[in-house]
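*Asks:* My questions concern the predicted model and sequence given below.
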Amino acid sequence: MSKIKIYPTENSRLSTVDFNNIPFGRVFSDHMFSAEYADGEWKDFKIIPFKDLNIHPAMMALHYGQSIFEGMKATVDQEGNPLLFRPEKHIERLNASARRMCMPEFSSEVFLDAIHQLVDLDRKWIPPHEGSALYLRPFIFATDKFIGVTASQTYRFLIITLPVGPYYSKPVSLKVERKYVRAVNGGVGEAKTCGNYAASLLPAKLAKQEGFDQVMWMDAHEFKYIQEVGTMNLFFVFKDKIVTPATEGAILKGITRMTILDYLKSEGYAVEERPLTIEEVKDAYRKGELIEAFGSGTAAVVATIDRINDTDIDMRFDESNWKLSSEIKKYINGLRAGKIEDKHGWIVPVGST
Ligand code: COI
């Protein structure tokens, strides 16, 4: 029996939404899941109408950054049935982030129940168009009212949901970041924690002033190895192989990244997950052996890259070569729309727990 109480809204906002024109991140569905942690346990599991929070000015998450989140998507198949994509991987990663940030883990069973019930209740909020989705944002934050650096004793867990289209609506241009760093081995780069995103804002703003969409992070020791983009993991398609940087402690373990690796391996592509230097990428480009580069993420899905700029080279990528990124994007969106047979068991119909 479910441990979650449901309090449906009496004032749905659904009729106010134009599903043909949804700005990413600004439109929220009718309900949210809520749980509280106190006295050493998670309790008060409920789905309630979406609403503002009342917060204390000394709430610890605001001061010391104990705050983690996930990003996942629900879609509909051809008959309009809601589908989830590898939801168990998201609770595994949320709990890995919780361990690193000294926060309590959450029950995988209650998490999956909450996701299924929340999406079921707000199923009409899932945009029907291929490539669009209901974005699910589970997050946990410290709620002790205390000024002092220590782990909070109380936490709140919420799951809010948002109808979204693609995160990037055009190919992405990247600047190789030579001054700032995102994460260092032993740090929190592998955790999906808010500070990682805050740290990326100034470098991204400076890159935007120079005409780029985002920065490509390098390792923090030598500025030699490629890490990620912050909003997505990276893949490079060479003449004879596909390479993605090995995560090894400072790079987010992307679930779309994992999905693409599994797909490429199962389709017989030569794919390598290993440390990758920016020099190897530049050498291959100069020799005409670097065909495509693309990013992957829940929000971004698969984002083609049309430019990578470093101090000594401006690499441009030709749209007519974007075959593999198009194939993968089509595959993932097709699976999520229930149009392609799910050989890997990644698609979970809502209500099937
Ligand atoms: C996601 O891909 O889900 C993220 O959390 C990244 C952010 C760009 C929305």
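*Replies:* Thanks, I have it.
*Asks:* What helix or strand is the residue in the stretch 101-250 of the chain positioned nearest to the ligand located in?
*Replies:* Nearest residue of the stretch 101-250 of the chain to the ligand: Thr231, at 3.7 Å (C-beta to the nearest ligand atom). C-betas here are computed from N, CA, C, even on glycine. Under DSSP states H and E, no helix or strand contains Thr231.
*Asks:* List the contacts of it.
*Replies:* Residues in contact with Thr231 (C-beta atoms under 8 Å, 6 or more residues apart in numbering) are 167, 214, 295, 297, 299-300.
*Asks:* Got the phi and psi for it?
*Replies:* The phi/psi pair for Thr231 (degrees, to the nearest 10) reads phi -90, psi -10.
*Asks:* Three-state assignment for the nearest residue to Ile126 once chain neighbours are set aside, please.
*Replies:* Leaving out its chain neighbours, the residue that sits closest to Ile126 by C-beta to C-beta, 6 or more residues apart in numbering is Leu134, at 4.3 Å. Secondary structure, DSSP: H, G, I helix; E, B strand; the rest coil: Leu134 is strand.
*Asks:* Can you tell me who Leu134 pairs with across the strands?
*Replies:* For Leu134, the beta-bridge partners under DSSP bridges are Ala74, Pro163.
*Asks:* my guess is it contacts Trp125, does it?
*Replies:* Yes. Between Leu134 and Trp125 there is a contact under C-beta atoms under 8 Å: 5.6 Å.
*Asks:* shared neighbours of those two, anything?
*Replies:* Common neighbours of Leu134 and Trp125, counting by C-beta under 8 Å, 6+ apart, are 29, 161, 163.
*Asks:* Considering those, which possesses the most neighbours?
*Replies:* The most crowded member of these, judged by other C-beta atoms under 10 Å, is Thr161 (28 neighbours).
*Asks:* which strands and helices sit next to the helix or strand where His63 lies?
*Replies:* Assessed by DSSP H and E, His63 sits inside helix 60-64. Packing partners of helix 60-64 (3 or more C-beta pairs under 8 Å, 6 or more residues apart in numbering; DSSP states H and E): strand 133-142.
*Asks:* tell me the average confidence for the strand it packs on?
*Replies:* The average pLDDT for strand 133-142 rounds to 98.
*Asks:* how about the CA coordinates for it, as PDB?
*Replies:* Only the C-alpha atoms of strand 133-142 are listed here, as PDB (Å, rounded to 0.1, in the frame of the first residue of the first chain):
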ATOM      1  CA  ALA A 133       8.400  16.300 -22.100                       C
ATOM      2  CA  LEU A 134       7.200  16.900 -18.600                       C
ATOM      3  CA  TYR A 135      10.600  17.700 -16.800                       C
ATOM      4  CA  LEU A 136      10.700  16.300 -13.300                       C
ATOM      5  CA  ARG A 137      12.800  18.100 -10.700                       C
ATOM      6  CA  PRO A 138      13.300  16.100  -7.500                       C
ATOM      7  CA  PHE A 139      15.400  18.100  -5.000                       C
ATOM      8  CA  ILE A 140      16.400  17.900  -1.300                       C
ATOM      9  CA  PHE A 141      17.600  20.900   0.800                       C
ATOM     10  CA  ALA A 142      18.700  21.500   4.400                       C
END
